[in-house]
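# Sequence first, then the predicted structure:
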Amino acid sequence: MPTAPRSRCSEPTCHQFATDHGKCEEHKRPAWANRPTIRERYGISGGKWRSLKRQVSRRDNGCCYMCGREPHEGETFELDHITPIAENGSAADLDNLGLACKDCHAEKSKAESARGNARRRARGRGRGDR
């Protein structure tokens, strides 16, 4: 099956080929643009976050707290809130932090997102919004 021809960047003066959402590499939006920093989200500096991750990594021997898997060579695990902040979990309590492998973290994040969306919908119904 033939593919569609490549499109040009949507910036008016750019003639490069688009690679992502109609923009070339030079003009595409940074992945974390307009998103809050760790300090803004949790009130924790990046240095403190790295320190917490080292402490949790030592405590858990670098293993995923959900499946117990050890990281492969060069692989790093995510520092994860066991009880999400949105569900009244503590931001910096070591008892609420664990390392999560990429697969477990993605699965847990998807479930947390679904619960958050359900809470928002429920709040909307409570106000008569739909």
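Everything's here; your move. Numbers count the residues shown, from 1 in each chain.

# What segments of this structure are strands?
Secondary structure of the chain by DSSP state E: the strands cover 78-81, 97-100.

# Tell me which of those is the most buried.
strand 97-100 (a mean of 23; mean count of other Cβ atoms under 10 Å). C-beta coordinates here come from the backbone N, C-alpha and C atoms, glycine included.

# Could you list which residues are in contact with A111?
By Cβ atoms under 8 Å, 6 or more residues apart in numbering, no residues touch A111.

# Could you point out which of the strands of the chain sits nearest R125?
strand 78-81 (27.4 Å; Cβ to Cβ).

# Now find how far off-centre that closest one is within its chain.
The gap between where strand 78-81 is centred and where its chain is centred comes out at 10 Å by Cα atoms, centre = their mean, to the nearest Å.

# repeat for stretch 79-90
With Cα atoms, centre = their mean, you get 13 Å for stretch 79-90.

# Could you tell me which residues within that stretch count as buried?
Using 16 or more other Cβ atoms under 10 Å as the test for burial, stretch 79-90 gives 79-81, 84.
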